[in-house]
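S.K.: can't give you the sequence, but here's the structure:
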Ligand code: CTP
Ligand code: MG
């Protein structure tokens, strides 16, 4: 059984104000933390970077490929570089650098257990309100993280036809696949704005 990870780092960091994945964090770069975690849990790691960065050497990655204009397109670019004999594929955001114990193992166990897609989730602590008005019961929703894990064939077929989504499990679900949730971790935050990098600095020392 061969397990690969696609680490997506092809974004432009519009909300952050720059390419957050290349900023320094705890003696390395943000993306290095994600690559290290992927390398510890997989046989190979495909790193997806912005097209103009595809020539740069990335020793923590097995393969480096240029990304696309959307996250889903970047995942597809990575998927094309995953060996065809991979049976389990993880997709992980380079913008989630904080190492947390157990998440990769829980996700992998879900895939081995027969899920098409496995998603780490955390409860939402804020109360929620629809933009157009009206409360949303937070007990009925969870926040979705990465690494997400997939039966390789389920991920490949979910991406047929180049669909768009903010994560991959939702594409697998839309394609009729079986999605299982496991516990994520609150420390596994995604760096979206500069305050998130400050939070990550407290957790990556
Ligand atoms: N990503 C990618 N290719 C894209 C867009 C996003 O590989 N075309 C990656 C990002 O680099 C990041 C992950 O997907 O690691 C999650 O995306 P997000 O946090 O939204 O990052 P950005 O798209 O870079 O940020 P923004 O949406 O604020 O522009
Ligand atoms: Mg984005």
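M.R.: Looks like it came in fine. Predicted, not measured: the structure shown is a model, and the values here were computed from it. Ligands and ions are numbered 1, 2, ... in the order given.

S.K.: tell me what the longest helix anywhere in the chain is packed against?
M.R.: For the chain, the longest helix by residue count, based on DSSP state H, is helix 30-41. For helix 30-41, the packing partners by 3 or more Cβ pairs under 8 Å, 6 or more residues apart in numbering; DSSP states H and E come out as strand 3-8, strand 44-49, strand 88-93, helix 103-112. (Glycine included, C-beta is placed from N, CA and C.)

S.K.: how far out from the middle of the chain is the first one?
M.R.: Just to be clear, that refers to strand 3-8. Centroid separation for strand 3-8 versus its chain: 9 Å, with Cα atoms, centre = their mean, to the nearest Å.

S.K.: please renumber so the chain begins at 10
M.R.: Fine by me, first position is 10 from now on; the one you just mentioned is strand 12-17.

S.K.: returning to what we had before: okay if I get the helices and strands packed on helix 39-50 as a markdown table plus mean neighbour count and mean pLDDT?
M.R.: Listed next are the helices and strands packed on helix 39-50 as a markdown table, based on neighbours: other Cβ atoms under 10 Å; pLDDT from 0 to 100:
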| stretch | mean neighbour count | mean pLDDT |
| --- | --- | --- |
| strand 12-17 | 28 | 98 |
| strand 53-58 | 26 | 98 |
| strand 97-102 | 25 | 98 |
| helix 112-121 | 20 | 98 |
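
S.K.: to residue 34, which of the ones you listed lies closest?
M.R.: Comparing the helices and strands packed on helix 39-50 by their distance to residue 34 (Cβ to Cβ), the top pick is strand 97-102, with 14.0 Å.

S.K.: relative to helix 39-50, how tilted is that closest one?
M.R.: If you take axes from the mean of the first three to the mean of the last three Cα atoms, to 10 degrees, strand 97-102 sits at 160 degrees to helix 39-50.

S.K.: what are the contacting residues of strand 97-102?
M.R.: Contacts of strand 97-102 from elsewhere in the structure, counted by Cβ atoms under 8 Å, 6 or more residues apart in numbering, are 10-17, 43, 46-47, 50-51, 84, 87-88, 91, 113, 116-117, 120-121, 155-161, 164, 177, 199.

S.K.: cutoff 6 Å now
M.R.: 12-17, 43, 47, 84, 91, 120, 155-159, 161, 164, 177, 199 (Cβ atoms under 6 Å, 6 or more residues apart in numbering).

S.K.: which residues are in contact with whatever residue of the chain ends up closest to ligand 1?
M.R.: Of all residues in the chain, the one sitting closest to ligand 1 is residue 20 (2.1 Å; Cβ to the nearest ligand atom). For residue 20, no residue meets the contact criterion (Cβ under 6 Å, 6+ apart).

S.K.: equivalent analysis for the one 10 residues further on, please.
M.R.: For residue 30, the set of contacting residues under the criterion of Cβ under 6 Å, 6+ apart consists of 18, 39, 40, 103, 104.
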